[in-house]
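**Q** Prediction below, plus the sequence it came from.
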Amino acid sequence: MHQTIRVRFAPSPTGALHIGGVRTALFNYLLAKKHNGTFILRIEDTDQNRFVPGAEDYIIEALAWCGLHFDEGPMQGGPYGPYRQSERKHMYAQFADQLIQKGHAYYAFDTAESLEQKREEWKLKFDHSATYNALTRMEMKNSLTMSEAEVNEALLTESYTVRLKMPASEDVRFTDIIRGEVTFNTSELDDKIILKGDGMPTYHLANVVDDYLMKISHVIRGEEWLSSTAHHVLLYRFLGWEQVMPQFAHLPLILKPDGKGKLSKRDGVKLGMPVFPLSWEDPNPEDSFIGFREAGFDPDALINFLAFLGWNPGTEQEIFSMDELIQAFDLSHVSKSGARFDFDKIKWFNQQYLKNQTGEELAEKVASSIKSAGWNPSENYLAAVCFLLRDRIIVYPDIVRDGVYFFTEDFPKDTDTFKKKWNPEHKDAILGLADLIGKWETNDSTDLEHAVKDYIANSGLGLGQVLPMLRIAIAGTLKGPDLFQTMMLIGLQKCKARIQKLIDESSLLPA
């Protein structure tokens, strides 16, 4: 690509940013960075009825957490601002007027009631849900059916919208980078409102005007906007901007985990998984969601996973750093078909990222959670615990949940397994083992392992009779990292005390 790449991510601040929006932002970002282009954030807040306080801040924080940093936007400004559409309101009416003067748009004075009545008539007349289009517009109250005097009077006394005048039956063709040549016939398309009664533009006019004024080279967005692109292509043509129209690329849908239907914001609650980057608290509990950040996922793992939703590098490589994604990314490798949101796969990605961190890096991520749990280990000790647990964790909170016995003596024990394995006749042998462990002087877990196993063999017991007891005493569970490395880290005197405590408690267990 030899042209200057300028792309935008243009969310509406109507609530939390769905994970599909993050993927759209990511693909825009990757294209821009690969070609030394510019990545822009534009807030499309023209729909004031759906505006949600706090949503813009959420969007900016979420994208920053994901490592998607903008070159131009509401926060940092830029040469083509302002970057909130509500602050650009004064720019749009002139282009609507231009379209009216050229005969490509018209004033519509229909009330909500008259529109509803007509729609009911059209259902009966056309045997389907007809829309406001070339077939029906001459039945409506608009500047095409009124005299000039009537229009001038109505402009002063009535509320109105401006609608795009679609040709009656014309094929509109454009090339989509992902889908190839796309054709829509205008007979299938309605006369979209482009300017609302409050003077605010709709998405269709605003995004075309802003993309033109901001010199956007590529529009990368979700598949749901594909059918609207015919309107946008005509707007570029009608405004005389067809020669500088951006290239379009419509991303495939993100599907539910079972592949049946589009992933919705409520699927996260239904299926017990996050579908938003950050948690969102809403006055309506049904619209409150947990985010990937709060669920303990690493943002780099999330980005790696999202990159593969509809794109592949054409190689067997799966783990990519952001720099590697930038180098490998190509819109021609994006699929047309929907991409399944496989939650097990993102857990796998996260596991790989956590495995590749040092104990110190993991400790830094979980330090606040450890403190919130009421524990106050040293930095070195916490790093050692994290290193020991890292191959067994999927998300960051697993360290707190699975590593509780590293930080406190008050940890749960698998008493059911203990009862099954416990034999009172082995009590003296196990207490003797506790004494050995308490006296053993070593900095090597392998030495400790040999000493314990030698003692068990010499006592006439089997490893299967003693080691499960030992692990439950030390960690409360049969699961976990290497037992002897665990004991060395906790401290052998503490381990001796835990074994003795479990033996003491054995007499209290119900039969």
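**A** Structure received. Numbering: from 1, shown residues only.
**Q** you'd agree T183 is in a strand?
**A** Yes. The assignment for T183 by DSSP: H, G, I helix; E, B strand; the rest coil puts it in a strand.
**Q** Let me know the secondary structure of M146.
**A** Going by three-state DSSP: M146 is coil.
**Q** I'd say it and A154 touch.
**A** Yes. Under the criterion of CB atoms under 8 Å, M146 makes contact with A154 at 7.0 Å. C-beta: built from backbone N, CA, C; applies to glycine.
**Q** Common neighbours of the two, please.
**A** Overlap of the contact sets of M146 and A154 (by CB atoms under 8 Å, 6 or more residues apart in numbering) consists of F109.
**Q** okay, V395: pLDDT?
**A** V395 carries a pLDDT value of 98.
**Q** element containing the nearest residue to it once chain neighbours are set aside?
**A** Closest residue to V395 apart from its sequence neighbours, by CB to CB, 6 or more residues apart in numbering: G296 at 3.2 Å. If you go by DSSP states H and E, G296 is not part of any helix or strand.
**Q** can you tell me which residues contact G296?
**A** V395, Y396, P397, D398.
**Q** distance between stretch 270-284 and the chain's centre?
**A** Distance of stretch 270-284 from the chain centroid (CA atoms, centre = their mean, to the nearest Å) equals 10 Å.
**Q** Just give me the residue right at the centre of this protein.
**A** A centroid search over the chain (CA atoms, centre = their mean) returns I19, at 2.7 Å, as the residue closest to the centre.
**Q** Leaving aside the residues adjacent along the chain, what's closest to that residue?
**A** Counting by CB to CB, 6+ apart, the residue nearest I19 is V275, at 5.1 Å.
**Q** Quick check, the one you found in contact with D267.
**A** Yes. Assessed by CB under 8 Å, V275 is found in contact with D267 at 6.0 Å.
**Q** So those two - more neighbours on which side?
**A** Using other CB atoms under 10 Å, the more surrounded residue of V275 and D267 is V275, with 25 against 16.
**Q** From K265, how far out is the more buried one?
**A** Between V275 and K265 the distance is 6 Å, computed by CB to CB, to the nearest Å.
**Q** for the contacts of G296, which one is nearest E61?
**A** Using CB to CB, Y396 comes nearest to E61 of the contacts of G296, at 18.4 Å.
**Q** count of neighbours near that closest one?
**A** Count around Y396 with other CB under 10 Å applied: 19.
**Q** show me what contacts it?
**A** So Y396 contacts G296, F297, D298, L354, L362, K365, V366, S369 (CB under 8 Å, 6+ apart).
**Q** PyMOL command for the buried members of those?
**A** Buried subset of the contacts of Y396, written as a PyMOL selection, criterion 16 or more other CB atoms under 10 Å:
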select buried, resi 296+297+298+354+362+366
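**Q** Looking at the contacts of Y396, which is nearest D198?
**A** Comparing the contacts of Y396 against D198 with CB to CB places F297 closest, at 40.6 Å.
**Q** which SSE is the residue lying closest to the closest one once chain neighbours are set aside in?
**A** Nearest residue to F297, sequence neighbours excluded (CB to CB, 6+ apart): N350, at 5.2 Å. Assigned by DSSP H and E, N350 belongs to helix 343-355.
**Q** What residues of that helix count as buried?
**A** Buried residues in helix 343-355, defined by neighbour count with 16+ other CB under 10 Å: F343, I346, K347, F349, N350, Q351, Y353, L354.
**Q** Likewise for stretch 323-334?
**A** Taking 16+ other CB under 10 Å as the criterion, stretch 323-334 shows L325, I326, A328, F329, L331, V334 as buried.
**Q** Could you list which residues are in contact with the fourth one?
**A** When contacts are counted by CB under 8 Å, 6+ apart, F329 is found next to F27, L30, L31, K34, A307, W311.
**Q** Among those residues, the buried ones, what's the ChimeraX command?
**A** Applying 16+ other CB under 10 Å to the contacts of F329 leaves a buried subset, and the ChimeraX line that selects it is:
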select :27,30,31,34,307,311
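**Q** can you redo the contacts of F329 as a markdown table with distance to N185 and pLDDT?
**A** Putting the contacts of F329 into a markdown table (distance: CB to CB, whole Å; pLDDT from 0 to 100) gives the following:
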| residue | distance to N185 | pLDDT |
| --- | --- | --- |
| F27 | 29 | 98 |
| L30 | 34 | 98 |
| L31 | 31 | 98 |
| K34 | 36 | 97 |
| A307 | 35 | 98 |
| W311 | 31 | 97 |
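**Q** Cross the contacts of F329 against helices and list the overlap.
**A** Residues of those located in helices (DSSP state H): F27, L30, L31, K34, A307.
**Q** Closest to D190 out of those residues?
**A** Nearest to D190 among those, counting by CB to CB, is F27 at 29.0 Å.
**Q** That closest one contacts V334, correct?
**A** Yes. With contacts counted by CB under 8 Å, F27 reaches V334, the gap being 7.4 Å.
**Q** do you know how far the residue nearest to the centre of the chain is from D57?
**A** Distance, I19 to D57, by CB to CB: 18 Å.
**Q** go on, E286?
**A** Going from E286 to D57 by CB to CB gives 22 Å.
**Q** what comes up buried for stretch 463-473?
**A** Within stretch 463-473, the residues scored as buried using 16+ other CB under 10 Å are Q465, V466, L467, P468, M469, L470, R471, I472, A473.
**Q** residue contacts, the residue nearest to the last one when sequence neighbours are not counted?
**A** Which is A473. Nearest residue to A473, sequence neighbours excluded (CB to CB, 6+ apart): L502, at 4.0 Å. Going by CB under 8 Å, 6+ apart, L502 touches K413, F418, M469, I472, A473.
**Q** hang on, the earlier thing: what residues do F27 and V334 have in common as contacts?
**A** With CB under 8 Å, 6+ apart, F27 and V334 have common neighbours A249, L251, W311.
**Q** Make CSV from those and add distance to S187 to it.
**A** Converted to CSV, the shared contacts of F27 and V334 look like this (distance: CB to CB, whole Å):
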residue, distance to S187
A249, 26
L251, 27
W311, 35
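**Q** and these, which of them are in strands?
**A** Those of the shared contacts of F27 and V334 mapping onto strands are A249, L251, per DSSP state E.
**Q** Which stretches in this protein count as strands?
**A** Using DSSP E, strands in the chain cover 6-9, 38-41, 105-108, 161-164, 171-176, 180-185, 193-195, 218-222, 247-251, 254-255, 339-340.
**Q** what's the most buried one of these?
**A** Among these, strand 6-9 has the highest mean neighbour count (mean count of other CB atoms under 10 Å), at a mean of 26.
**Q** Cheers, nothing more for now.
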